[in-house]
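>>> Sharing a sequence plus its predicted fold:
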Amino acid sequence: MTAFTDENVPGRSNPSATVQADPREVGRVRTEYSPAHDGDPDPGEIVWTWVPFEENDGRGKDRPVLVVAREPAGTFLAVQLSSKRHDGHREWVPIGSGPWDRSGRDSWVDVDRVLRLHEDGMRREACALDRMRFNLVRHRLRERYGWS
């Protein structure tokens, strides 16, 4: 994955910037599994977007995220993927490998960091995650944040 500095990268700048959302302050969230291979982000799909670094200093990286919910305002809630195993204070749910990673590496989903994605902020749709693996992530989000 390449670090970008170009302002024209989808999800990089306002009004379609991908931003971190406080999962306890997003209101009522209904996670769902409704992938539709139509070029738009849908819950259950892994899509690529610009994800700001946690330092929130303007830097970031183009990376895959798993869309988990559609918000009433037309935005989406997503959690980032990583191909690096992470140990420490954060919780990473293992989801194995899939077509979102051309190298076939195993991936993990960070359920501690929730992102708000705009449809115009998505660079490309990668694939739908199968329902079983999606439900693993959904279950952890429900336990952690009380989402339905």
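Alright, I've got the coordinates.
>>> and the one helix or strand in the chain whose mean pLDDT sits lowest, how far from the chain's centre?
Scoring the helices and strands of the chain by mean pLDDT, DSSP states H and E places strand 122-128 at the bottom, with a mean of 76. Distance of strand 122-128 from the chain centroid (Cα atoms, centre = their mean, to the nearest Å) equals 10 Å.
>>> And the pLDDT at H89?
Turning to H89, the model gives it a pLDDT of 67.
>>> err, S107, not the other one
94.
>>> Please apply the same query to F4.
For F4, the model assigns a pLDDT of 43.
>>> Next: V9.
V9 is given a pLDDT of 66.
>>> tell me the contacts of P23?
By Cβ atoms under 8 Å, 6 or more residues apart in numbering, the residues touching P23 are 29, 77, 114, 141, 144-145, 147. C-beta here means a position set from N, CA and C on the backbone, and glycine is covered the same way.
>>> Make a PyMOL selection of the buried ones in those residues.
Buried residues within these, by 16 or more other Cβ atoms under 10 Å, are selected in PyMOL with:
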select buried, resi 29+77+114+141+147
